[in-house]
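Engineer: take this sequence and fold it.
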Amino acid sequence: MQQLSMASDRLMGQPMFQILTKIKEMEREGKDVIHFEIGDPDFDTPDCVIQGAKRALDEGWTHYSSPAGDYELRQAICSSRFFTPRFTPDLDQVVVAPGANPLIYYAVRCLVEPGEEVIIPDPSFSTYQSVLSFAGVNAVRVALREENGFQMLAEDIEEKITDKTRLIIINSPHNPTGAVISSDELKAIGELCLSRGIYLYCDEIYSYLNYTNKTLFSPSELDQCKERTIIATGFSKTFAMTGWRLGIGIGPAELMRKISLLIETTNSCVSTFIQRAGISAIEEGLPDVIRMRDTYKERRDYLVKRLNLIPGIHCIKPEGAFYVFPSIKELNIGGIEFLDRLLMESQVGVCPGEYFGSCGKGYIRLCYATSMDKIKIGMDRMEEFVCKLRKER
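Structural biologist: The predicted model follows:
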């Protein structure tokens with residue numbers, strides 16, 4: 001086979017999908033595996049969204065849209081309070097993408113030259129590192145510490161800024177820890193970026209999955225995404241639409257125009273009937289979103305309580321998303337070995353913390369976007385496994 005590009009050798013992907021593939025193979029062999037490894041809501045997409053897609057197909061929404069997205073969907077995004085609760089972006093600040101995930105790549109390619117630097121949290125969503133490596137961009141990591149609730153702090157970011165820093169990526173609520181950065185800290189991060197002329201990429205895909213009983217502050221409120229701030233969000237997590245691939249980018253108009261050209265070059269546009277379903281989600285989906293969020297909160301509370309009852313495991317209570325990030329440091333076992341043995345011996349899938357960066361070592365991520373019955377079974381199995389593990393050591 002002809003040698004592939006050096007850039008392709010730098011692609012890392014998302015390791016949790018490799019775990020999922022292995023689990024699917026086990027399930028085909030008849031094994032009953034509990035899924036905590038991947039962030040995919042167990043809820044079906046709300047019926048109002050499905051009916052919206054059906055109507056769109058019946059009405060012939062099967063042709064191209066503008067690469068930036070369907071006009072009426074973008075209008076709905078601008079007027080909705082789902083994505084920008086405290087300001088209304090202009091239409092030319094909004095693009096519709098095939099999921100929020102590609103927006104990371106689009107933003108990096110449009111803002112950062114090879115050899116420049118992007119600051120990211122550690123641990124963090126694995127796509128950040130994969131995109132930066134593929135683009136030949138240097139990732140500069142800011143350690144998130146459990147004693148600070150895994151929050152990304154402005155003072156830690158400032159220490160990492162150099163004359164090569166082009167972009168800072170933050171994620172709140174956070175994957176993999178579920179941490180929610182405080183409003184004061186988010187404001188400080190936003191002001192830091194504006195004062196230093198650095199772009200700030202706010203990954204807010206989990207913004208509606210917060211359990212703090214208050215609207216989360218976004219750094220985008222400082223410049224209304226007109227100068228340096230970019231919001232990446234979408235429908236996947238909030239509306240249980242992971243398979244639909246419908247993301248939203250909000251940012252400075254000129255940057256969004258360039259991203260639209262990149263979408264035009266690589267994807268042409270997002271499927272139009274899916275975009276029309278997005279309008280239905282915005283207009284009719286709030287009751288379903290609240291129901292799912294309340295259910296996630298109940299699951300979180302139970303899962304954290306159960307984990308903290310297992311000797312050798314410690315878990316702080318996250319304030320958002322649908323992940324917990326317990327410490328397994330007392331068990332004296334690496335996350336990858338813990339996963340492999342737990343999966344093979346007890347049929348429970350988790351995600352090793354080191355998959356999210358070196359600061360994730362000694363932790364595992366569990367996703368509670370699965371039923372309470374399965375969470376209980378999974379915890380019973382994990383407790384039994386850990387007790388056996390402790391006897392060995």
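
Engineer: domain-wise, how is this protein divided?
Structural biologist: For the chain, the structural domains run 6-44+287-392, 61-284, going by automatic domain parsing.

Engineer: so where's this protein shaky on pLDDT?
Structural biologist: Low-confidence segments of the chain, defined by pLDDT under 70: 1, 393.

Engineer: now do the helices in it.
Structural biologist: For the chain, helices defined by DSSP state H occupy the ranges 6-9, 15-28, 47-58, 71-79, 101-111, 126-134, 154-160, 183-196, 220-223, 253-266, 272-284, 286-308, 335-346, 372-392.

Engineer: can you add mean neighbour count and give those helices back as TSV?
Structural biologist: (C-beta placed from N, C-alpha, C; glycine too.) Below are the helices of the chain laid out as TSV (neighbours: other Cβ atoms under 10 Å):
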stretch	mean neighbour count
helix 6-9	10
helix 15-28	15
helix 47-58	17
helix 71-79	18
helix 101-111	21
helix 126-134	21
helix 154-160	15
helix 183-196	18
helix 220-223	20
helix 253-266	17
helix 272-284	22
helix 286-308	17
helix 335-346	17
helix 372-392	16
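
Engineer: Arg55 is nearest to which of the domains of the chain?
Structural biologist: For the domains of the chain, the distance to Arg55 is smallest for domain 61-284, at 7.4 Å, taking Cβ to Cβ.

Engineer: and that closest one, how far out from the chain's middle?
Structural biologist: Here the centre of domain 61-284 is set off from its chain's centre by 10 Å, with Cα atoms, centre = their mean, to the nearest Å.

Engineer: now the end-to-end length of it.
Structural biologist: 20 Å (Cα to Cα, to the nearest Å).

Engineer: which ones are touching Ser268?
Structural biologist: Going by Cβ atoms under 8 Å, 6 or more residues apart in numbering, Ser268 touches Tyr64, Pro67.

Engineer: circling back: next, format the helices of the chain as a markdown table and append distance to Val94.
Structural biologist: Formatted as a markdown table, the helices of the chain follow (distance: least, Cβ to Cβ, whole Å):
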| stretch | distance to Val94 |
| --- | --- |
| helix 6-9 | 30 |
| helix 15-28 | 29 |
| helix 47-58 | 19 |
| helix 71-79 | 5 |
| helix 101-111 | 12 |
| helix 126-134 | 22 |
| helix 154-160 | 27 |
| helix 183-196 | 20 |
| helix 220-223 | 12 |
| helix 253-266 | 7 |
| helix 272-284 | 12 |
| helix 286-308 | 20 |
| helix 335-346 | 39 |
| helix 372-392 | 37 |
